[in-house]
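A.B. asks: sequence plus predicted model, see below.
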Amino acid sequence: MDKHIAIQAALLRQMLASSKITIITSTLLAAILAYIQHEVIASTAVLVWLILIVLVAILRAALADAYLRSPPTEQSSLRARLTTFRIGVLAIGVMWGSAGIVMFPPHDPPHQMFLIFMLAGLTAGGVVSYSADLFSGICFAVAALTPAVVRLFIAEENLSIAMGMAGTLYLGFMLMSIRHINRNIRENIVLHLEASEREETVRISEERYRLLLKHSPVGIIHYDTNLVITYCNDRFASIMHNSAERLIGLDMKSLRDQSVMPALKKALEGEIGYYEGHYTATLSDTDGWFAMTCATSRDAAGQIAGGVAILQDVTERKHAETALHESHQKMYSLLNSMAEGAYGLDLNGNCTFVNRSFMRILGYEHEDEVIGKHIHALIHHAHPDGSPYPASECKMHNAYRSREIHVLSEVFWHKNGSAIPIEYWSRPIIVDGIVQGAIATFLDLTERNLAEAQIRNLAFYDTLTQLPNRRLLNDRMGQALAASKRSGRYGALMLLDLDNFKPLNDTFGHDVGDLLLIEVARRISGCIRETDTVARFGGDEYVVVLSELDIDKVESTRNADIVAEKIRASLAEPYLLTVRQNGSAGSTVEYHCTASIGVVLFNYHASREEILKQADIAMYRAKASGRNRVSFDDQST
Ligand SMILES: Nc1nc2c(ncn2[C@@H]2O[C@H](COP(=O)(O)OP(=O)(O)OP(=O)(O)O)[C@@H](O)[C@H]2O)c(=O)[nH]1
C-alpha cells in the first residue's frame, strides 16, 4: 500500500472508530430535540424527521461495522468506502439541516434558541468527528447549520437576524477549525505511519539478525566488560556441548583454560583479538581445536560495552591438515628414497616437483633450477645423436593426453651437457576425472648398460688380451664362410702357437707371461686388416681368420702366406717386458719368443671343425719342422 492510500485508510479508520459514539449521541440529541420541539411543531413532522434520522443512523452504523470487520486493502475499494462514508455524513448533515426548517418554530425565540443551540453543539461534535476528512467535515457543518441560519435571517425579527449572524460567524469558525484540525490529524497520521514503518523496519532487521545468529554456522557470544557472557547462539552452545542457559552469565575470568583470554581482552581494548589453538572447555568435556575472532562492542554513546567473539570448531580441519601433512611427509620420504628419478609436470609441461634422485642423476643442486621450468626443454631436448627432439613429438611430454607411457631407450641431458641413457615411465595425474598434469619416473641406465657391456665382453672376448674368444671366433668363421659363399673368394685360417712360452712363465711368473700374451695380440692385430679377425684360442694359441682373399686359390695362398710371414716375423721380434717383484719398481727383461703358424685355405665347402683341425695339423707340422715357421695345410697348397 502506498503512502497516500495508507493515510486515507488511517483517516477513514479513525473516523469510523468514533462513529458509533457519534451516531448514538446524534440519535439521542435528535430524540431530545424532537421531544422539546413537538410542543411547538406538528407531531407528524417531528415523528417523520426522527424516524428518518434513526434510519440514516442505522445505515451508517451498519456501514461502519462492515468496514471495521473487513478493512479494504486495495485503493479502489478504499475509495468506494470513503465515498459511501461521505454520503452517510452528508445524509446525516442534511437530516440535521432539515431540522433547521422542519423544527423551526416561527415567533418562538426560546424554541428557536434551543434548536440553534442543539445544531451548534451537534456541528461542534461533527467537526471533531469528521475533520479527519476535510470534505466530510465541511459538508456536515454546512449541511447541518446553513438551513437554520437562512431561516433565522428570513424570520425578519431583530433577535432572529442577530442569531442568524451569530450562526454564520459560528459556521465560519467551524469551517476554519475543520481545516486546522484536519491538518493536525493528517500530520499526526503521517508521523504515526512513519513511526510504524520505522518500527517495522527495525523489527524486520532484528528478526533477520536473530535468525542469522541462531542459524549461523559459527558460534557467537557477546560478553560485557567484566568478561561475563551476555548472549550466546545455539551453535556456540552446541560447540561447547552445553546449553545457552548455562553459558549465559558465565564469568569467563573463571575459565579453566585461559588461553583465549588475551583475545577476549583485546576486544575490550578496542582492538581485534585472534586465537587459534587447542582449547578445553570448563563446563563440559569439550576438547578440541578452535579459531576465534573477537571484536569490540560499543553502546549508543560509542563507549566500549563489551565484546563479540566468533568461534569456529576447526578440530576436523586440524586433523585433516595433520593427516595431510603426515601423508605429504610420507610421500616426500618415499619420493626421496626412490632410486628412480621422479618429477611432475603441469599441463603446460612445466616441472611441478622433483625428487633427490632426479637431482643426483641429472646433476642439479637446487630444486629451483628445475621447478617451474619447461622440463622437456631442460632435460629431454635432443635425441642421443644430438639431433633436436621437439616437445610435440615427445611421448612423455604428452603423457597427460594418454594413459601410461613406457620408453626404454632414450636419453635425458645432464646439467653438464652429457647424455644419460634412461628408461622412463609416465602417467597422467587425474583429479576428479580431470587431468591435472603427469608424473614421470626414470631409471639411469648408465651402470646397467655398462654391466651389460661387461657381460657381453666376458662372453665374447678374452679378458686378458681383449681379443675375440673361441665363441666369437666361431661366429666370425661362420660370417667368413658365408662371405665366401656369396663372393666365391677363398678365406684363410691361421692357428698360431707360441714357441717356448712356458719358460717365460716359469722364470718370471704368469704376470710377465701375460704381458707377452698381450703384446702378441697387439702385434698380430697390427698385421691384419680391420675386416679380418684375430682371436685368442686359449693358452698361448691364437687364430687369425682372413676373409675375402681371392677367387683364385693360388693367389689366395700367396696372400695368406704374405700375412702369415708378416705375423711370424713380427712375433719373432724381441719382447721388452717389465718385471716387478714384491712391489719393487720393476726391471725390464728382453725375451725372445716365436710362433709356429699352421695355415689352411677354405671356401664355403668346408666346415668350421674341419678347418680348425687341418690348421692344427699344419701348425704341429710347423713345430715339428723346427718352430718359428709357417706351414700350410697339404690341401691348401
Ligand atoms: N702367463 C700365462 N700363461 C698361460 C696362460 N694360459 C696358458 N699359459 C701357459 O702357457 C704355457 C703353454 O704351454 P706350452 O705351449 O706347452 O709351452 P711352450 O713352452 O710354448 O711349448 P711349445 O709350444 O712346445 O713350444 C703353459 O705353461 C701354460 O701354463 C695365460 O693366460 N697366461
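C.D. replies: Looks like it arrived, so ask away. Numbering: from 1, shown residues only.

A.B. asks: and for the residue of the stretch 51-200 of the chain found nearest the ligand, the neighbour number?
C.D. replies: Nearest residue of the stretch 51-200 of the chain to the ligand: Glu200, at 114.0 Å (CB to the nearest ligand atom). From N, CA and C alone the C-beta is placed, and that goes for glycine too. Look at Glu200: counted by other CB atoms under 10 Å, it has 10 neighbours.

A.B. asks: so what touches stretch 621-636?
C.D. replies: For stretch 621-636, the surrounding residues in contact (CB atoms under 8 Å, 6 or more residues apart in numbering) are 492, 497, 499-500, 553, 557, 560-561, 564-565, 568, 572, 594-601, 614-615, 617-619.

A.B. asks: quick one: low-confidence parts of the stretch 401-550 of the chain?
C.D. replies: The model of the stretch 401-550 of the chain has pLDDT under 70 over residues 401-402.

A.B. asks: residues contacting the residue in it that the ligand sits nearest to?
C.D. replies: Of all residues in the stretch 401-550 of the chain, Gly513 sits closest to the ligand, at 2.5 Å by CB to the nearest ligand atom. For Gly513, the contact set (CB under 8 Å, 6+ apart) comprises 501, 504-505.

A.B. asks: just Val54 next, same as before
C.D. replies: The contact partners of Val54, taken as CB under 8 Å, 6+ apart, are 27, 30.

A.B. asks: now do Leu227
C.D. replies: Listed by CB under 8 Å, 6+ apart, the contact set of Leu227 reads 251-253, 264-265, 268.

A.B. asks: just the pLDDT for Tyr400.
C.D. replies: Note on Tyr400: pLDDT of 63.

A.B. asks: can I see the domain layout of this structure?
C.D. replies: As assigned by automatic domain parsing, the chain contains the domains 3-194, 217-316, 338-449, 461-632.

A.B. asks: now do the contacts for the closest residue to Gln37 other than its chain neighbours.
C.D. replies: Spatially, and ignoring its direct neighbours in sequence, Gln37 is nearest to Met103 (4.5 Å; CB to CB, 6 or more residues apart in numbering). Met103 makes contacts with 33-34, 37, 41, 45-46, 49, 115, as judged by CB under 8 Å, 6+ apart.

A.B. asks: so which of the residues you listed are in helices?
C.D. replies: Residues of the contacts of Met103 located in helices (DSSP state H): 33-34, 37, 45-46, 49, 115.

A.B. asks: in the residues you listed, find the pair that's most separated.
C.D. replies: The two members of those with the most space between them (CB to CB) are Ala45 and Leu115, at 13.3 Å.

A.B. asks: these two: who's more crowded?
C.D. replies: Leu115 (25 against 16).

A.B. asks: now do the strands in the stretch 501-637 of the chain.
C.D. replies: Ranges of strands within the stretch 501-637 of the chain are 533-538, 541-546, 575-579, 587-591, 594-602, 630-632, based on DSSP state E, counting those that start in this stretch.

A.B. asks: single out the most deeply packed of the ones you listed.
C.D. replies: Highest mean neighbour count of those: strand 594-602, a mean of 26 (counted as mean count of other CB atoms under 10 Å).

A.B. asks: just checking, what packs against that strand?
C.D. replies: If you count contacts as 3 or more CB pairs under 8 Å, 6 or more residues apart in numbering; DSSP states H and E, strand 594-602 packs onto helix 470-487, strand 491-499, helix 553-572, helix 608-624, strand 630-632.

A.B. asks: could you give the angle of the third one to helix 608-624?
C.D. replies: In this case it means helix 553-572. 60 degrees (axes from the mean of the first three to the mean of the last three CA atoms, to 10 degrees).

A.B. asks: mind checking how far the closest residue in space to Asp514 that isn't next to it in sequence is from Gly513?
C.D. replies: Among residues not flanking Asp514 along the chain, Leu464 sits closest, at 5.8 Å (CB to CB, 6+ apart). Distance of Leu464 to Gly513, computed by CB to CB, to the nearest Å: 10 Å.

A.B. asks: now do Leu55
C.D. replies: For Leu55, the distance to Gly513 (CB to CB) stands at 157 Å.

A.B. asks: got it, and Ile53?
C.D. replies: Between Ile53 and Gly513 the computed distance is 160 Å (CB to CB).

A.B. asks: one more: Ile528?
C.D. replies: Distance of Ile528 to Gly513, computed by CB to CB: 23 Å.

A.B. asks: got it, and Ile310?
C.D. replies: Between Ile310 and Gly513 the computed distance is 93 Å (CB to CB).

A.B. asks: against Lys613, how distant is Ala560?
C.D. replies: Distance from Ala560 to Lys613, counting by CB to CB: 18 Å.

A.B. asks: actually Ser131, sorry about that
C.D. replies: From Ser131 to Lys613 the distance is 150 Å (CB to CB).

A.B. asks: more neighbours, the two?
C.D. replies: More crowded of Ser131 and Lys613, by other CB under 10 Å: Ser131, with 27 against 14.

A.B. asks: can you give me the pLDDT of that one?
C.D. replies: Reading off the confidence values, Ser131 has pLDDT 86.

A.B. asks: buried set for stretch 625-637?
C.D. replies: 628-633, 636 (16 or more other CB atoms under 10 Å).

A.B. asks: for stretch 68-81, that is, sorry about that
C.D. replies: 72, 78, 81.

A.B. asks: could you tell me which of those residues are located in helices?
C.D. replies: Among the buried residues of stretch 68-81, DSSP H puts 78, 81 in helices.

A.B. asks: next, format the buried residues of stretch 68-81 as TSV and append distance to the ligand.
C.D. replies: Supplementary listing: those in TSV, determined by distance: CB to the nearest ligand atom, whole Å:
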residue	distance to the ligand
Pro72	128
Leu78	128
Arg81	133
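
A.B. asks: show me what Thr533 bridges to in the sheet.
C.D. replies: Beta-bridge partners recorded for Thr533 (DSSP bridges): Val545.
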